[in-house]
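Asks: Predicted coordinates and the sequence they were generated for:
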Amino acid sequence: MRKILINTLFLTFLAFGLQSCSKYFDDLADNPNQVTEPTLASLLSTSTYKMGINSYSAASAIVPFVQYTASPSASAASDTYQTQNFTGLWDALYFAMADANELKKLAISLEASEYIGVANLMLAYNLGIVHDYWGSGPFSKAFDVSNIYPEYDSPETLYATAVQLVDEAIVEFSKSGSSMALDANSDLIYGTASAATRRTQWLKFAHALKARLLIKVSKHSSFNPNAVLAAVENSFTSNADDAGMATFTVRNNWAGVANSNLLQSLGGWLSEQLIEHLDGTTYGVFDPRLPKITDLTVDGIYIGTVNGAGNRLPGANTRHDECYISRNSPWTSDNAPLLIVTYAELKFIEAEAALATNPARAYTAYLEGISANMDRFQVSAEDKAAYLSNPVVAVGASNLTIDLIFKEKYVATYLNFEAWNDARRHDYQYKDFTMPENAALSTYIRRLDYPQGEVTKNGNNVPAEVPRTTRLWWDQ
């Protein structure tokens, strides 16, 4: 994963992007300074950059829902499931898909299989977020320049399309003798590796995305655990394979959140749920990842903010008497990658898929997922060994439960948008997990409202709004 600061000129490499959710392409003729014939390299850098940034943007929208973070303001919209306008996120996802679509078209014309594979993965990744957050969305008609009011595809169609795009990417990466290897300087995910290794890592990444997509339908009749396990077997084999983007205008986005705490422009307050999940309150064992996520308060304790309640009395203070996303975390150094999919996540997917038929395999994967995530958090070998041997964790294959797998995966997906998919699949059944105070809904949130910008610009095609408690098709 590349760890460099991005030159602001990089941002000029915007392909024929969306100007709104209903008008997808610029009239380039009106702007003689616009790049009208972008290269494979510029489109690759733009697409991989936006995938990383969108991983942050998508996660920042939902981290209060899974109670990683909490607002210091009582009854904040983000904490209490009020309607929020995520037009910016929606547009960013479609901007990214427009770029990836241009990359794919150009790559097809040049028979550049590796670029076709990357473009398909970028499309699948960003489309998957639209599907996971809203259900329906434009895709099959989204990039038709003659249609500025694209019709919506059904949620099931979007999901099937994402899987198909990943499968097509696997085919492209599996081809031998590609006429054009990925440009190392433009590949912001695996660009530091050799050409041959880059292709192998992208192929593993494709299988990782497929495993993530297939586990999502665990509640549905179409669920095939053997297909999940097959994808896992062809995916990541260590933390070295993790997909992440570490190219920034200034610093890692989560580092920016943590930095604001130091400047007393406070954001990134951590939820009481997360703190008690880790400090021994909920499970009776102290998790050594906690000091790698946050710092002790000025009072020398770990304490989180209750979602919906705002910061604790005396309130409205900047004493740092509650825990925040730390500037000292491996997740928040200036050049820390924005992690997209990790080996640790794949091991928990394996554990879940194998649990019913092969508990021994599931247990081995469960322990390896914890170990890999602790290594990512730079937990000491001694602390890791002590945690893994604790009876609360080391339960043995015959006592492993789906609750324990989700409990540990909750930590491993810290600050990753996939955590909300897991929370919904698990029906929010984390131990001691409770509704936020002052909640606007009667039960846990299951989907987002369609963005106001899309309603305004493409309203005739936006599906009728449903309550935010309505489950998506894969969550039933």
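Replies: Perfect, I can see it now. Residues are numbered from 1 along each chain as shown.
Asks: contacting residues for residue 54?
Replies: 89, 92-93, 96, 125-126, 129 (C-beta atoms under 8 Å, 6 or more residues apart in numbering). Every residue, glycine included, has its C-beta placed from N, CA and C.
Asks: contacting residues for the residue nearest in space to the middle of the chain?
Replies: Of all residues in the chain, the one closest to the mean position by C-alpha atoms, centre = their mean is residue 417, 3.6 Å from it. Taking C-beta under 8 Å, 6+ apart, we find residue 417 in contact with 55, 58-59, 61-62, 129, 132.
Asks: Among the residues you listed, name the ones in helices.
Replies: 55, 58-59, 61-62, 129, 132 (DSSP state H).
Asks: May I see the PyMOL selection of the buried members of those residues?
Replies: Selection of buried members from the ones in helices among the contacts of residue 417 for PyMOL, criterion 16 or more other C-beta atoms under 10 Å:
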select buried, resi 55+58+59+61+62+129+132
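Asks: Same list (the ones in helices among the contacts of residue 417) but as JSON lines, adding pLDDT and distance to residue 360.
Replies: JSON lines is the format used below for the ones in helices among the contacts of residue 417 (pLDDT from 0 to 100; distance: C-beta to C-beta, whole Å):
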{"residue": "55", "pLDDT": "98", "distance to residue 360": "33"}
{"residue": "58", "pLDDT": "98", "distance to residue 360": "35"}
{"residue": "59", "pLDDT": "98", "distance to residue 360": "33"}
{"residue": "61", "pLDDT": "97", "distance to residue 360": "38"}
{"residue": "62", "pLDDT": "98", "distance to residue 360": "34"}
{"residue": "129", "pLDDT": "98", "distance to residue 360": "35"}
{"residue": "132", "pLDDT": "98", "distance to residue 360": "32"}
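Asks: closest to residue 241 among the ones in helices among the contacts of residue 417?
Replies: Comparing those against residue 241 with C-beta to C-beta places residue 55 closest, at 16.4 Å.
Asks: For the contacts of residue 54, which entry has the maximal number of neighbours?
Replies: residue 125 (29 neighbours; other C-beta atoms under 10 Å).
Asks: mind checking how far that residue is from residue 92?
Replies: Residue 125 is 12 Å from residue 92, where distance means C-beta to C-beta, to the nearest Å.
Asks: Quick check: neighbours of the lengthiest strand in the chain in the sheet, parallel or antiparallel?
Replies: Using DSSP state E to define each element, the chain has its longest strand at strand 243-248. Strand pairing for strand 243-248, determined by DSSP bridges: strand 3-5 (parallel), strand 338-341 (antiparallel).
Asks: Please identify which of the contacts of residue 417 is nearest to residue 288.
Replies: residue 59 (23.2 Å).
Asks: right, and the closest one touches residue 413 too?
Replies: No: using C-beta atoms under 8 Å, residue 59 is not in contact with residue 413, being 9.1 Å away.
Asks: shared neighbours of these two, which are they?
Replies: Counting by C-beta under 8 Å, 6+ apart, the common neighbours of residue 59 and residue 413 are residue 419.
Asks: Could you tell me how many residues sit around residue 272?
Replies: Residue 272: 22 neighbours (other C-beta under 10 Å).
Asks: Assign residue 270 to helix, strand or coil.
Replies: Under DSSP: H, G, I helix; E, B strand; the rest coil, the three-state class of residue 270 is strand.
Asks: Pull the contacting residues for it.
Replies: 68-70, 293-294, 304-305, 322-325.
Asks: pLDDT value on it, please?
Replies: The per-residue pLDDT reported for residue 270 equals 96.
Asks: do the same with residue 11
Replies: 35.
Asks: Skipping adjacent residues, who's closest to residue 201 in space?
Replies: residue 190 (4.5 Å; C-beta to C-beta, 6 or more residues apart in numbering).
Asks: could you measure that neighbour against residue 159, distance?
Replies: Taking C-beta to C-beta, one finds residue 190 at 26 Å from residue 159.
Asks: if I look at the spatially closest residue to residue 58 that is not a sequence neighbour, how far off is residue 239?
Replies: Among residues not flanking residue 58 along the chain, residue 417 sits closest, at 4.0 Å (C-beta to C-beta, 6+ apart). According to C-beta to C-beta, residue 417 and residue 239 sit 20 Å apart.
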